[in-house]
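Asker: Make a model of this:
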Amino acid sequence: MSIAEEAGRTAGSKELLRDFTAWSTFSLAFAFISPIVALYSIFSVGLTTVGPGFWWGFPITLAGQMLVALSFAMLVSRLPLEGSVYQWSRHIMGPTYGWFAGWAYIWTLPIAIAAVALGGAGFLAQFLGLDAGSRSTTVILALSLIAFVTLANTFGRKLLKFIIGLCIAAEVVGSIGLGIVLLGLFRVNDLSVLSEGLFDANNGSFLLPPLLFGVAIAGWAFVGFESAGSIAEEVKEPERAVPKAMIYSLLFVSAIVAFSALAFILAIPDLAAVRSGSVLDPVAATIEHHLGAAGLHLMTAVFVVGFIACMVGLQASVSRVIWALAREGELPMAGALSKLAGEDRLPVNAIFASALMSVIFFGLSFTNIYVILLTFTTAGFYISFLFPALAAAYERLTKGPKPSAFHLGPLSGIVIIAAALWLIFQTANISWPRNPALPWYENWAVPLVVAVLAILGFIVRAFLAKR
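Answerer: Residues are numbered from 1 along each chain as shown. I've put the predicted structure just below:
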């Protein structure tokens, strides 16, 4: 029995509509990563923590993530099932291993939604003329964005595709267009500034060189390509369409992010002020300096659209992973979470569940919430990726190659093993405590949250086993 036939047999009346084409699958993955969100979420953190030299983290991280994308492309062409990392891990290493892969992933994505919502709320506050520095204002706006995105995701795939189309239009203006304008007309710094901060010993923490933090920061920018696999059972000819969507979305986003980051760095009017932290928002300050208040207002609106589209893609992906786990009876209230509603047969209950999971993390509002959410989200992606990557590497070493529609011939095994090694390195790099001056719960946020979710996972798994 083929994988597609198995999915249909298991799904039964819960079978999803195959309504996504190769283009719409690529578009969803592109919106999920979103160059606007990928860059502007981390730009200020990178500049103030490392300096302009953090830019080199982009090409280094891209090289590692391309190994992962190629490895996952081989997996999804063989296992084109809803739920991506959960399904790949489950089919290779068994239901328990797969369950913990899914558990890690379904918590990573809601945290990502919360982080993106906070980032988008800052731009929305600027657009509305509100105090973007007010924590209460940004939290209220972020919650409003989550509510809006949740409703949008329940209205059907046509609205989802429309919002994703807006995202691509926003990227053309907000990333490519703005980058061309800044680089062509308003360049004030020399390329030599890209070496600043890389060799400053004061920027390192716990004996780690600054460049490694740049690589850790850039890790946020190049995740999300696997989201194309989360909707594999909704894609026409997924064995061929989804691998292409993964690889091309990563390539396009990485090129746009690196180009836009370079353009902004070279256009910043006062790099010293930005590095000292006296300029709280270097993106807004640079745009306003060169394009005026009207230009800033326009670009802020574009950025908000990009952030909303990214949230839509994130929630669409996590709701499918929740649904895939629930379909197998692997979550509490599985019957409700696996239901499909409406003519589009959407996992509406799973969509609402993902929204509630995102809201939980706003309880961290008393802390440096944005940096904590950003750091853990990035680490969470790499931890989630590790499950199928390690499984694929183990399978390759013990059982040899497996047939798939997409493969790299004799290089397949090398790529699969190299991807697993890269993910181990990057997970440790991101999770490493960077600033001993921070409160202990912020400095060790990633290990703490991982430990809490792991304990909770064992409890839930034990409960499911007793039913």
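
Asker: where are the low-confidence patches of the stretch 251-400 of the chain?
Answerer: Within the stretch 251-400 of the chain, the segments meeting pLDDT under 70 span 363-371.

Asker: can you give me the helices in it?
Answerer: Ranges of helices within the stretch 251-400 of the chain are 271-276, 282-327, 334-337, 348-360, 369-399, based on DSSP state H, counting those that start in this stretch.

Asker: got JSON lines for these, with mean neighbour count and distance to Pro447 too?
Answerer: All C-beta spots, glycine's among them, are computed from the backbone N, C-alpha and C. Shown next, in JSON lines, are those (neighbours: other CB atoms under 10 Å; distance: least, CB to CB, whole Å):
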{"stretch": "helix 271-276", "mean neighbour count": "16", "distance to Pro447": "29"}
{"stretch": "helix 282-327", "mean neighbour count": "24", "distance to Pro447": "23"}
{"stretch": "helix 334-337", "mean neighbour count": "16", "distance to Pro447": "29"}
{"stretch": "helix 348-360", "mean neighbour count": "21", "distance to Pro447": "19"}
{"stretch": "helix 369-399", "mean neighbour count": "23", "distance to Pro447": "9"}
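
Asker: now for the ones you listed, which one comes closest to Phe148?
Answerer: Relative to Phe148, the nearest member of the helices of the stretch 251-400 of the chain by CB to CB is helix 282-327, separated by 7.2 Å.

Asker: so the closest one versus helix 369-399, what angle?
Answerer: Inter-element angle recorded for helix 282-327 and helix 369-399: 50 degrees (by axes from the mean of the first three to the mean of the last three CA atoms, to 10 degrees).

Asker: what angle separates helix 282-327 from helix 348-360?
Answerer: Using the same axes, to 10 degrees: helix 282-327 against helix 348-360 is 130 degrees.

Asker: now helix 282-327, how far from the centre of its chain.
Answerer: For helix 282-327, the separation from the chain centroid amounts to 12 Å (computed by CA atoms, centre = their mean, to the nearest Å).

Asker: Equivalent analysis for stretch 454-467, please.
Answerer: On CA atoms, centre = their mean, the centre of stretch 454-467 falls 27 Å from that of its chain.

Asker: what do you get for stretch 374-388?
Answerer: Distance, centroid of stretch 374-388 to centroid of chain: 9 Å (CA atoms, centre = their mean).

Asker: How about stretch 336-345?
Answerer: Worked out by CA atoms, centre = their mean, stretch 336-345 lies 25 Å from the chain centre.

Asker: circling back: any idea which of the helices of the stretch 251-400 of the chain gets closest to Val253?
Answerer: Taking CB to CB, helix 282-327 is the member of the helices of the stretch 251-400 of the chain nearest to Val253, at 11.0 Å.

Asker: Quick check: which of the helices of the stretch 251-400 of the chain is nearest to Gly129?
Answerer: Evaluated over those, closeness to Gly129 peaks at helix 282-327, with 9.3 Å, by CB to CB.

Asker: Would you map the helices across the stretch 101-250 of the chain?
Answerer: Ranges of helices in the stretch 101-250 of the chain, per DSSP H, counting those that start in this stretch, are 135-154, 157-171, 178-185, 210-218, 227-230, 238-267.

Asker: where among those helices is the average confidence lowest?
Answerer: If you rank the helices of the stretch 101-250 of the chain by mean pLDDT, helix 157-171 sits at the bottom with a mean of 77.

Asker: buried stuff in that one?
Answerer: Neighbour counts over helix 157-171 (16 or more other CB atoms under 10 Å) mark 157, 160-161, 163-164, 166-167, 170-171 as buried.
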